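K.L.:
here is my input, please return the structure:
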Amino acid sequence: TPNEGRGPQVRQVSNAYRLFAPKRALALLGRWSGRPSLPDDDAAARDDRKAIEAEHVASLDLGSFASFQLGDSPLGRALAQMGKALDLRESAKRTESQSTSYSYVVM
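P.N.:
Sure thing, here's the model as predicted:
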């Protein structure tokens, strides 16, 4: 190969192979010819990770949720900015005091 410097002067090709078994061999193997099922602890670990992620997502504000779902893309940044503005607006609504003054009409 045209590699410069020290090291092996070879180029590696893909080592991906797909083996096909004849139908008769598959019939002899029976149930062992298919893919093995995942271990129980793997399925439980996946369920635990899904539950942890769902709990995390539920705790996010709108801006963080957009960033979490869409990453650092232009759409993600725009929606995160919009979400932060909505959160700020809602926060302002909760903190402003309600008017308790009454208008009196004199007759």
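K.L.:
nearest residue to the middle of this structure?
P.N.:
Gln69 (6.5 Å; CA atoms, centre = their mean).
K.L.:
so what's it closest to, chain neighbours aside?
P.N.:
Residue nearest to Gln69 in three dimensions, not counting chain neighbours: Gly76, with 7.3 Å by CB to CB, 6 or more residues apart in numbering. Using the backbone N, CA and C atoms, a C-beta is placed for each residue, glycine as well.
K.L.:
what's the burial count for the one you found?
P.N.:
Around Gly76 there are 15 other residues, counting by other CB atoms under 10 Å.
K.L.:
please apply the same query to the one 5 residues further on.
P.N.:
Other residues within reach of Gln81, judged by other CB under 10 Å, total 13.
K.L.:
and for the one 10 residues further on?
P.N.:
Other residues within reach of Ser91 by the criterion other CB under 10 Å amount to 11.
K.L.:
output the lowest-mean-pLDDT helix or strand in the chain as CSV, restricted to C-alpha atoms.
P.N.:
Sorting the helices and strands of the chain by mean pLDDT, DSSP states H and E puts helix 23-29 at the bottom, at a mean of 78. Taking C-alpha atoms only, helix 23-29 is exported to CSV below (Å, rounded to 0.1, in the frame of the first residue of the first chain):
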residue,chain,number,x,y,z
LYS,A,23,-32.1,-26.3,5.6
ARG,A,24,-31.3,-29.9,6.6
ALA,A,25,-28.7,-28.7,9.1
LEU,A,26,-31.2,-26.2,10.6
ALA,A,27,-33.8,-28.9,10.9
LEU,A,28,-31.3,-31.0,12.8
LEU,A,29,-30.5,-28.2,15.2
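K.L.:
who does that helix touch, helix- and strand-wise?
P.N.:
Of the remaining helices and strands, none touches helix 23-29 by 3 or more CB pairs under 8 Å, 6 or more residues apart in numbering; DSSP states H and E.
K.L.:
identify all contacting residues around the helix or strand just after it.
P.N.:
Downstream of helix 23-29, the first helix or strand assigned by DSSP states H and E is helix 40-58. Helix 40-58 is contacted by residues Phe65, Phe68 when judged by CB atoms under 8 Å, 6 or more residues apart in numbering.
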